[in-house]
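Colleague: pasting the sequence and the predicted model now:
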Amino acid sequence: MKLDCFPFPSAGKPLALRVVGWLLIVVSLLLKSGIAFLAGVVLVIASTGRDVVIDGGLVLRYVLFKVRVSDVDEILRLSELERGKLVKWATPLILEPFFLVLSLLILLKRGAEASILLPALLYCIAMYSEMLIFPLKVLKERLGLSVLVPLLVSLPFVLVNREALPAMPFVWGTGTLSLMNMLLRDGVVIRTKGMSYLLLCGDSRRLMGVLANVPKDN
């Protein structure tokens, strides 16, 4: 049975591949290596989650492999966590902006105009800061404002320096889609004895009901 969920690369092999992929991208910027950049992109794509199915147990499927989750000890809904608790369970959400900001800083170090990269940097910082500062349930209740705030933070710097404008529609578009995907879905952490897995689901309560009826592995 296929569930309306997809997994984040939050533990084990998926997380390792994602980290190595981003490290290769960062190295490619330092060394100006197209091969390292391509290898990094391939690993990042390979670690991307596809879907979640029930097949004799909970199975998280990624682009190139799958992870079977057994003996679920606890299920947490991120939207119900209090302020500050999100950081503990949603570390994978910090991974992407960390490496993105690091990449932008490397480009600055290599001579790129700060005024061109600054709007993108501020947009990313604003978007992920609000996700870490406020409980997700607050951001969900104020979806329009949550989407607009990062855009409004970066917009003045784009208006001041029009050279940054060609790249910003891509940054705004991908950022808005990512943020809305997070806020329009339910974040769920599946905890086992040794791992924690982060999922995004259309209906987390249905997932919890399904898992309650899945027999545990012997």
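Modeller: That came in fine, so what should we check first? Residues are numbered from 1 along each chain as shown.

Colleague: what about the strands in the chain?
Modeller: According to DSSP state E, the chain carries its strands in the segments 2-3, 5-7, 49-54, 58-62, 66-69, 74-77, 186-191, 196-201.

Colleague: if I look at Ser28, how far off is Ser146?
Modeller: From Ser28 across to Ser146, the span is 33 Å (Cβ to Cβ, to the nearest Å). Every residue, glycine included, has its C-beta placed from N, CA and C.

Colleague: just the strands of the chain: most buried one?
Modeller: strand 5-7 (a mean of 24; mean count of other Cβ atoms under 10 Å).

Colleague: distance from the chain centre to it, please.
Modeller: 12 Å (Cα atoms, centre = their mean, to the nearest Å).

Colleague: what pairs with that strand, and is each one parallel or antiparallel?
Modeller: strand 196-201 (antiparallel) (DSSP bridges).

Colleague: got phi/psi on Ser70?
Modeller: phi -130, psi 160 (degrees, to the nearest 10).

Colleague: what is the burial count for it?
Modeller: By other Cβ atoms under 10 Å, 13 other residues sit near Ser70.

Colleague: partners of the residue lying closest to Leu78 once chain neighbours are set aside in the sheet?
Modeller: In space, and not counting its chain neighbours, Leu78 is closest to Gly187: 3.4 Å by Cβ to Cβ, 6 or more residues apart in numbering. Here Gly187 sits in beta bridges with Leu200, going by DSSP bridges.

Colleague: ok, Gly187 to Ser33 distance?
Modeller: 35 Å.

Colleague: helix or strand with the lowest mean pLDDT in the protein?
Modeller: Lowest mean confidence among the helices and strands of the chain (mean pLDDT, DSSP states H and E): helix 86-89, at a mean of 57.

Colleague: ok so, going back, adding distance to Leu165 and mean pLDDT, write the strands of the chain out as JSON lines.
Modeller: Compiled in JSON lines, the strands of the chain are given as follows (distance: least, Cβ to Cβ, whole Å; pLDDT from 0 to 100):
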{"stretch": "strand 2-3", "distance to Leu165": "41", "mean pLDDT": "84"}
{"stretch": "strand 5-7", "distance to Leu165": "33", "mean pLDDT": "86"}
{"stretch": "strand 49-54", "distance to Leu165": "33", "mean pLDDT": "88"}
{"stretch": "strand 58-62", "distance to Leu165": "36", "mean pLDDT": "90"}
{"stretch": "strand 66-69", "distance to Leu165": "42", "mean pLDDT": "87"}
{"stretch": "strand 74-77", "distance to Leu165": "39", "mean pLDDT": "80"}
{"stretch": "strand 186-191", "distance to Leu165": "33", "mean pLDDT": "82"}
{"stretch": "strand 196-201", "distance to Leu165": "31", "mean pLDDT": "84"}
